[in-house]
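K.L.:
quick one: sequence plus predicted model below, questions after.
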Amino acid sequence: MNKVFIFAGTTEGRKLFELLKKNNISCTVSVATDYGANLLEGNSRCKVLSGRMTKEQMCLAVKKSKCACVVDATHPFALEVTSQIKVVCSELGIKYIRLLRDIDEQNDFGDSVFFFDSVKSASEYIKDKEGNVFVTTGSKELEVIAKILEDKSRVFVRVLPSEESLLKCMQSGVSEKNIIAMQGPFSAFMNEAMFRETKTKFVITKETGAAGGFEEKIIAAKKCGAVTLVVKNPEAKKSKKCQKSFSYSETLAFLEKFLQRKIAFSVPKIVLAGIGPGGKDFITKEVFDAIQYADVVFGARTVLENSLFDGKKKIDSYQFKYVNEYLKNHPECERPLLAFSGDSGFYSGATSFFKECSGKYSCSLLPGLSSVNYFSAKIGIPWQDWKLLSMHGKYCNVESFIKDNQRCFVILSGKKDLHDLVKRLGNAYKSKIIPNVKITIGFNLSREDESIVCAEISGGRRLKEINSFKKDGLFSVLLERLSDEPLRLAAGIGDENFCRTKIPMTKRDVRLIILNRMALTENSIVYDIGCGTGSVTVESALIAKNGFVYAMDMKADAVELTKTNVAKFGISNAEVTLKTAPDGLAELPKPDCAFIGGSSGKLKEIIKALLKKNPSVRIVVSSVTLETFCLLQQTLSSLPVDDVDFTQVSVSRSEKVGKYNFVKAENPVWVVSFSGAARGKKNGK
């Protein structure tokens with residue numbers, strides 16, 4: 001017994017059949033043509049019938065299937081067929097369900113769209129008007145249009161690639177070169193290309209709803225300056241008055257209740273696609289095809305404004321939590337696509353989304369043309385030696401990078417980031433922290449309003465022009481050092497370069513050992529506890545360019561001195577505060593490493609607090625007294641630490657007295673380094 005009999009003349013009907021087949025629910029589907037049958041594949045439980053049926057043939061087929069209910073998913077314009085199906089169900093006493101696709105509201109389409117009650121009245125409207133006509137109403141009523149429009153050379157038709165459709169085109173007198181035989185629905189992009197190629201002035205279509213690509217035709221016609229003549233859906237008004245029609249999701253809900261079983265959807269296969277810098281001509285064919293195939297598109301508002309997504313269901317979000325919730329509430333969405341600007345692997349939200357999908361969804365990444373590639377080609381400068389940075393929704397210590405790199409490329413979130421960057425670079429130049437820098441700004445690259453502007457940090461009017469950039473959009477910036485000054489590649493700033501007072505300072509040679517033991521990376525989050533003069537803060541910040549240094553001291557004059565040295569060296573990735581550890585650590589982010597230069601008698605408490613915040617933290621402590629050294633030995637023996645190293649550093653320097661150089665010894669310093677025990681486990685020790 002086939003539980004469900006489907007009369008399918010629409011995408012929804014075919015989609016319903018495939019879903020029932022996946023759920024192993026026995027069913028029969030009837031389509032009018034062999035072409036329609038070729039789109040479906042039956043099995044032992046799910047049968048496919050092909051060919052148009054009379055009322056008697058329908059009755060026999062439904063009766064033979066012994067179905068429990070009939071789903072009428074025929075085309076909304078096939079009124080006679082729907083009427084016959086209703087009569088058959090009434091005579092056989094079988095439940096009838098009308099699956100009627102959603103129809104767009106008429107008042108949403110503007111003044112270039114006109115509605116008519118029939119194909120004939122639409123054709124009469126343009127009978128005496130000049131211009132080519134693009135017909136998308138199918139082959140059934142083509143004869144009516146051909147009789148009214150005597151000049152067949154102006155008529156272009158798009159029909160199914162079936163023998164029956166092509167024969168009707170020929171019989172109606174339409175020239176072979178004016179026939180487009182393709183299976184739809186079509187994207188707005190594809191429609192626009194066809195309308196422009198055929199120099200279309202009028203488009204005749206039917207009010208077929210979203211599944212029939214209705215909105216995509218309207219959008220494309222508007223872009224080409226064409227008028228759209230819409231034949232109204234004869235069932236639209238009826239469906240609002242009576243409650244016998246169901247949407248696709250409502251039909252599924254009804255069938256679940258009627259059949260008393262759950263209908264499971266396929267797990268969505270999510271596509272994460274990079275759409276390039278923005279222009280529709282700069283996406284890959286792979287991404288273009290994925291967009292056409294998608295049933296819903298997620299992305300940032302600025303990304304979704306791209307004409308690539310015209311006519312698609314668009315959701316203004318790309319956060320995993322929201323996308324996941326939406327897909328759970330809309331299980332019919334089996335082909336979701338997340339669109340990201342640029343390339344999916346270059347500072348893209350696609351990377352983090354891909355990780356969150358692990359174990360939950362099947363997910364594929366599609367690359368796109370990055371702004372780096374496009375900008376490099378546009379200005380004629382190879383990008384292989386550029387330092388690639390991002391200020392897009394994140395902090396970036398650009399000043400430090402431009403000191404160590406000849407060229408830095410930065411992507412920005414908008415004009416606010418641009419103004420902030422120009423101001424920061426200007427201040428760094430005035431303070432002689434960075435040399436003069438040439439700025440090349442790419443605005444809305446690859447789009448119609450693209451512009452490229454150049455200036456120098458030391459410039460006047462041109463720099464002010466950049467600062468007063470009014471229009472918001474997508475900005476990319478190339479910074480080029482105009483100085484041949486050799487780059488500083490090693491740590492170890494001379495002690496004489498720091499501003500000094502009576503506040504103690506960690507001297508250069510000891511500082512180098514401390515920096516080495518801290519094992520800093522470019523992305524490290526660092527604590528400098530008891531920062532004193534700030535020499536460790538400054539050097540740590542210069543190494544951890546993409547990270548951040550949180551410096552603190554309980555003495556106000558030490559905090560002010562550290563701030564002075566931070567400003568002197570142009571450090572923007574450090575924060576200096578008047579705090580007492582360990583209480584002052586509570587609100588700070590988790591550290592990767594910490595240097596304790598002063599503890600005020602709370603050494604054990606500070607180390608415990610650091611291990612609590614990050615069991616894998618790397619800690620370095622300096623000590624000039626035996627009491628502190630002994631306390632440290634005792635403390636570490638009772639804490640979960642690993643990789644402990646005790647090193648005593650004795651440094652002697654030459655000092656000129658008259659014509660002689662005398663060796664002067666400095667106080668010996670203990671440098672003790674260790675890691676939280678969790679660090680060893682993480683590294684497999």
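P.N.:
Perfect, thanks for sending it.
K.L.:
tell me the SS of Val566?
P.N.:
What DSSP: H, G, I helix; E, B strand; the rest coil gives for Val566 is helix.
K.L.:
just for the stretch 551-685 of the chain, where's the confidence low?
P.N.:
Along the stretch 551-685 of the chain, the model assigns pLDDT under 70 to residues 679-685.
K.L.:
was I right about Phe629 contacting Ser622?
P.N.:
No: with contact defined as Cβ atoms under 8 Å, Phe629 does not count as touching Ser622 (10.1 Å). No exception for glycine: its C-beta is placed from N, CA and C like everyone else's.
K.L.:
more neighbours: which of these two?
P.N.:
A direct count of neighbours by other Cβ atoms under 10 Å for Phe629 and Ser622 places Ser622 higher, at 23 against 16.
K.L.:
doesn't that one fall inside a strand?
P.N.:
Yes: the assignment for Ser622 (three-state DSSP) places it in a strand.
K.L.:
Glu605 - how many residues pack around it?
P.N.:
Burial measure for Glu605: 14 neighbouring residues, criterion other Cβ under 10 Å.
K.L.:
residues contacting the closest residue to Tyr293 other than its chain neighbours?
P.N.:
Computed as Cβ to Cβ, 6 or more residues apart in numbering, the closest residue to Tyr293 that is not its neighbour in sequence is Arg335, at 5.7 Å. For Arg335, the contact set (Cβ atoms under 8 Å, 6 or more residues apart in numbering) comprises Pro268, Lys269, Val271, Tyr293, Ala294, Asp295, Val296.
K.L.:
follow-up on the earlier one: and for Phe629 and Ser622, which residues touch both?
P.N.:
Counting by Cβ under 8 Å, 6+ apart, the contacts common to Phe629 and Ser622 are Trp670, Val672.
K.L.:
Three-state assignment for Tyr96, please.
P.N.:
Following three-state DSSP, Tyr96 is assigned to strand.
K.L.:
for burial, what's the neighbour tally of it?
P.N.:
Other residues within reach of Tyr96 by the criterion other Cβ under 10 Å amount to 17.
K.L.:
how much space between it and Ser83?
P.N.:
The gap separating Tyr96 from Ser83 is 12 Å, by Cβ to Cβ, to the nearest Å.
K.L.:
same check, this time on Trp383
P.N.:
For Trp383 relative to Ser83 (Cβ to Cβ), the value is 66 Å.
K.L.:
in terms of neighbours, single out the busier of those two.
P.N.:
In terms of neighbours (other Cβ under 10 Å), Trp383 is the more surrounded of Trp383 and Ser83; the figures are 16 against 11.
K.L.:
what sits against that one?
P.N.:
Under the criterion of Cβ under 8 Å, 6+ apart, the contact partners of Trp383 comprise Val372, Asn373, Phe375, Ser376, Phe409.
K.L.:
need the pLDDT of Asn24.
P.N.:
For Asn24, the model assigns a pLDDT of 90.
K.L.:
what's the biggest helix in the protein, counting residues?
P.N.:
Once the chain is assigned using DSSP state H, the helix that runs over the most residues is helix 415-430.
K.L.:
gap between the helix or strand just after that one and the chain center?
P.N.:
Scanning forward in sequence from helix 415-430, with DSSP states H and E defining helices and strands, the next element found is strand 437-443. Per Cα atoms, centre = their mean, to the nearest Å, the displacement of strand 437-443 from the mean C-alpha position of its chain is 25 Å.
K.L.:
partners of strand 437-443, with directions?
P.N.:
Neighbouring strands of strand 437-443 in its sheet, by DSSP bridges, are strand 451-456 (antiparallel), strand 475-481 (antiparallel).
K.L.:
beta-bridge partners for the nearest residue to Lys438 once chain neighbours are set aside, please?
P.N.:
In space, Lys438 comes closest to Glu480 once its chain neighbours are excluded; the distance is 4.4 Å by Cβ to Cβ, 6+ apart. Counting by DSSP bridges, Glu480 forms beta bridges with Arg407, Lys438.
K.L.:
measure Glu480 to Leu252 for me?
P.N.:
Glu480 sits 59 Å away from Leu252, going by Cβ to Cβ.
K.L.:
show me the shaky parts of the chain.
P.N.:
Checking the chain against pLDDT under 70 turns up 1-2, 101-110, 210-211, 235-244, 460-462, 467-468, 484-490, 679-685.
K.L.:
swap in 50 and give it another go.
P.N.:
Low-confidence regions of the chain, defined by pLDDT under 50, span residues 104-107, 239-243, 489.
K.L.:
next, the residue nearest to Tyr293: phi, psi?
P.N.:
As for Arg335, its main-chain torsions (degrees, to the nearest 10) stand at phi -130, psi 60.
K.L.:
how much space separates it from Ala264?
P.N.:
Distance of Arg335 to Ala264, computed by Cβ to Cβ: 17 Å.
K.L.:
sorry, back to before: and which of the contacts of Trp383 is nearest to Val48?
P.N.:
Nearest to Val48 among these, counting by Cβ to Cβ, is Asn373 at 47.9 Å.
K.L.:
excluding residues flanking it in the chain, which one is nearest that closest one?
P.N.:
Using Cβ to Cβ, 6+ apart and skipping the chain neighbours, the partner closest in space to Asn373 is Trp383 (7.3 Å).
K.L.:
tell me the secondary structure for the one you found?
P.N.:
Here Trp383 is recorded as coil under three-state DSSP.
K.L.:
relative to the whole chain's centre, how far out is stretch 601-608?
P.N.:
Using Cα atoms, centre = their mean, we find the averaged C-alpha position of stretch 601-608 to lie 44 Å away from the chain's own average C-alpha position.
K.L.:
got it, and stretch 305-324?
P.N.:
Between the mean C-alpha location of stretch 305-324 and the chain-wide mean there is a distance of 9 Å, by Cα atoms, centre = their mean.
K.L.:
in three-state terms, label Cys363 for me.
P.N.:
Classification of Cys363 by three-state DSSP places it in strand.
K.L.:
relative to Asn324, how far out is the nearest residue to it once chain neighbours are set aside?
P.N.:
Excluding its sequence neighbours, the residue lying closest to Cys363 (Cβ to Cβ, 6+ apart) is Cys357, at 4.0 Å. Taken as Cβ to Cβ, the spacing of Cys357 relative to Asn324 amounts to 9 Å.
K.L.:
what's the answer for Asp295, then?
P.N.:
For Asp295, the distance to Asn324 under the criterion Cβ to Cβ works out to 16 Å.
K.L.:
and if you look at Asn178?
P.N.:
Using Cβ to Cβ, one obtains 48 Å as the distance from Asn178 to Asn324.
K.L.:
again, but for Glu176
P.N.:
Glu176 is 50 Å from Asn324, where distance means Cβ to Cβ.
K.L.:
so the two - more neighbours on which side?
P.N.:
Each of Glu176 and Asn324 has its neighbours counted (other Cβ under 10 Å); Asn324 has more, 16 against 8.
K.L.:
which residues touch that one?
P.N.:
Contacts of Asn324 were listed using Cβ under 8 Å, 6+ apart, and they are Lys360.
K.L.:
one more time with 10 Å
P.N.:
Pro268, Ile270, Glu356, Cys357, Lys360, Tyr361 (Cβ atoms under 10 Å, 6 or more residues apart in numbering).
K.L.:
measure stretch 543-560 end to end?
P.N.:
Start and end residues of stretch 543-560 are separated by 22 Å (Cα to Cα, to the nearest Å).
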